[in-house]
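Peer 1: Take this sequence and fold it.
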Amino acid sequence: MKKANSFAAKKLMAEIFRFIMTGGLNTILTIALYQLLVTYINPEVSYALAWLAGFVFIAIAYPKYVFRSDSRSTGKIVLLAILYAVSFSLGLFLMFLFIKLGLHERLSVFVVIAITSSVNFIFAKWLFGNRNKLFVSEAEK
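Peer 2: Below is the predicted model of the structure:
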């Protein structure tokens, strides 16, 4: 029992590591695109376009690389899109809020991504990982 729990904990840590690496690459690409776009168009539209490009990236990378799921069905990609739309809406709201509160538009994207990344991991883990075992409890360690 303890070996199985140790394996589950190691698997979760490996998924978190792959999520951070893949998400980090996605974040760098998204921020670079946002910074380029915000030079020419408003921050909200820049965020939306950069987010859309990032979504395409993660729709491919998360199931295949991060969670190593064999299930890449159209239904799961649609559900991922819906879950990420929630995250996107949260991010867009936070972007608007932080800019209104005086945070510079070029810095607000970093705060927004930090907040939404945690939400995104939980969504993706629920969708592509073992839904019954999001996290290893203290009793199972």
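
Peer 1: what's near enough to touch residue 56?
Peer 2: Contact criterion C-beta atoms under 8 Å, 6 or more residues apart in numbering gives no residues in contact with residue 56. The C-beta positions use only the backbone N, C-alpha and C, and glycine is treated the same way.

Peer 1: Can you name the helix or strand that it falls in?
Peer 2: Secondary structure here is read from DSSP states H and E; on that basis residue 56 sits in helix 43-61.

Peer 1: and the angle for the helix or strand following that helix with helix 43-61?
Peer 2: Later in the chain than helix 43-61, the nearest helix or strand by DSSP H and E is helix 74-100. Per axes from the mean of the first three to the mean of the last three C-alpha atoms, to 10 degrees, the angle that helix 74-100 makes with helix 43-61 is 150 degrees.

Peer 1: Tell me how far helix 74-100 lies from the chain's centre.
Peer 2: For helix 74-100, the gap between its own C-alpha mean and the chain's C-alpha mean amounts to 10 Å (C-alpha atoms, centre = their mean, to the nearest Å).

Peer 1: Can you point out the buried residues in the helix holding residue 56?
Peer 2: Using 16 or more other C-beta atoms under 10 Å as the test for burial, helix 43-61 gives 43, 46-51, 54-55, 57-59, 61.

Peer 1: Point to the residue nearest the middle of the protein.
Peer 2: In the chain, the residue lying closest to the centroid (C-alpha atoms, centre = their mean) is residue 120, at 3.5 Å.

Peer 1: quick one: that residue and residue 87 touch, right?
Peer 2: Yes: A contact is recorded between residue 120 and residue 87 when judged using C-beta atoms under 8 Å, the distance being 5.4 Å.

Peer 1: I'd like to know the average pLDDT value across stretch 107-124.
Peer 2: Throughout stretch 107-124, pLDDT has a mean value of 84.

Peer 1: Over to stretch 128-141?
Peer 2: Averaged across stretch 128-141, the pLDDT comes to 50.

Peer 1: What residues sit buried inside the lengthiest helix in the chain?
Peer 2: In the chain, taking DSSP state H as the definition, the longest helix is helix 2-38. By 16+ other C-beta under 10 Å, the buried positions in helix 2-38 come out as 8, 11-12, 15, 18-19, 22-23, 26-27, 30-31, 33-34, 37-38.
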